[in-house]
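S.K.: Sequence and predicted structure are below.
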Amino acid sequence: MTREHAGARACIALGSNLGDPVRQVREAAHTLDALPASRRLAMSSLYVSAPLGGMAQPDYINAVAILRTHLPPLKLLRCLQEIETRQGRVRSGRRWEARTLDLDLLLYDDLRLRDTELTLPHPGLAQRNFVLYPLFEIAPDLDIPGVGALRELVSKSGMEGLRRMVHTHETQAS
Ligand code: ROI
């Protein structure tokens with residue numbers, strides 16, 4: 001089937017470390033389900049992950065979702081930013097600070113893009129185990145355009161600071 005018929009496959013990273021992060025991520029997952037011209041294909045487990053960036057802040061809850069969507073990449077990005085805002089995120093412009101909800105567009109089919117607003121694949125993807133592991137859980141055979149096989153990246157990346165949440169009733173990040 002062509003992309004026009006099937007839509008594109010978009011991978012989205014979810015992260016939160018404020019305001020009941022488990023609830024934030026679950027709520028965002030439900031909202032993604034309801035995006036126009038889209039449907040959610042898969043959702044990873046939730047992971048508890050130590051904050052990257054060196055600033056003292058609470059642990060994160062991270063996960064990855066995959067959508068089938070007819071929204072073009074920048075339109076999808078705006079939808080994600082709208083969800084972040086609706087769930088209480090205030091953008092101060094500071095790079096490493098804690099946040100109620102972060103939704104990053106990781107991949108959009110095999111598109112490579114360098115725009116002022118959007119870079120695809122997401123530039124941090126290969127270095128972040130809290131993105132690689134949940135993505136691998138739901139798309140183990142994925143190839144990251146210009147980077148390589150996800151399987152390889154995962155095998156080179158440790159699980160340091162990362163823990164998959166097994167108990168669905170767990171509500172605390174630590
Ligand atoms: N650290 C972790 N573990 N998870 C995140 O989602 C995350 N997001 C961020 C920074 C501040 C870089 N650190 C993070 O934006």
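M.R.: Structure's in. What do you need?
S.K.: contacts for stretch 102-118?
M.R.: The contact list for stretch 102-118, computed with C-beta atoms under 8 Å, 6 or more residues apart in numbering, reads 3, 8-16, 28, 64, 73-74, 76-77, 80-81, 83-84, 89, 119-122, 124-125, 131, 135, 142-146. C-beta: built from backbone N, CA, C; applies to glycine.
S.K.: Return the subset of those residues lying in helices.
M.R.: Mapping the contacts of stretch 102-118 onto helices (DSSP state H) picks out 3, 28, 73-74, 76-77, 80-81, 83-84, 131, 135.
S.K.: which residue sits closest to the residue of the chain at minimum distance from the ligand in space, ignoring its chain neighbours?
M.R.: Per C-beta to the nearest ligand atom, residue 15 is where the chain lies closest to the ligand, at 2.7 Å. What sits nearest to residue 15 in space, not counting adjacent residues and going by C-beta to C-beta, 6 or more residues apart in numbering, is residue 102, at 4.3 Å.
S.K.: For that neighbour, give its distance to residue 140.
M.R.: 24 Å (C-beta to C-beta, to the nearest Å).
S.K.: OK, contacts around residue 10?
M.R.: Residues near residue 10 by C-beta under 8 Å, 6+ apart: 38, 66-69, 73, 76, 105, 107-109.
S.K.: Any idea which helix or strand in the chain has the lowest mean pLDDT?
M.R.: Scoring the helices and strands of the chain by mean pLDDT, DSSP states H and E places helix 3-6 at the bottom, with a mean of 64.
S.K.: remind me which residues of the protein are low pLDDT?
M.R.: Applying pLDDT under 70 to the chain flags residues 1-5, 91, 95, 167-174.
S.K.: and if we set it to 80?
M.R.: 1-5, 54, 89-98, 167-174 (pLDDT under 80).
S.K.: Strands of that one, start to end?
M.R.: Assigned by DSSP state E, the chain shows strands spanning 8-16, 38-43, 47-49, 60-69, 102-108, 113-114, 119-120, 143-144, 148-149, 162-164.
S.K.: which other helices and strands contact the fourth one?
M.R.: Judged by 3 or more C-beta pairs under 8 Å, 6 or more residues apart in numbering; DSSP states H and E, strand 60-69 is in contact with strand 8-16, helix 21-33, strand 38-43, strand 47-49, helix 129-138.
S.K.: Pull up the pairing partners for it, direction included.
M.R.: Under the criterion DSSP bridges, strand 60-69 sits next to strand 8-16 (antiparallel), strand 38-43 (antiparallel), strand 47-49 (antiparallel) in its sheet.
S.K.: Residue 144 contacts residue 123, correct?
M.R.: No - Residue 144 lies out of contact with residue 123 (C-beta atoms under 8 Å); the separation is 11.2 Å.
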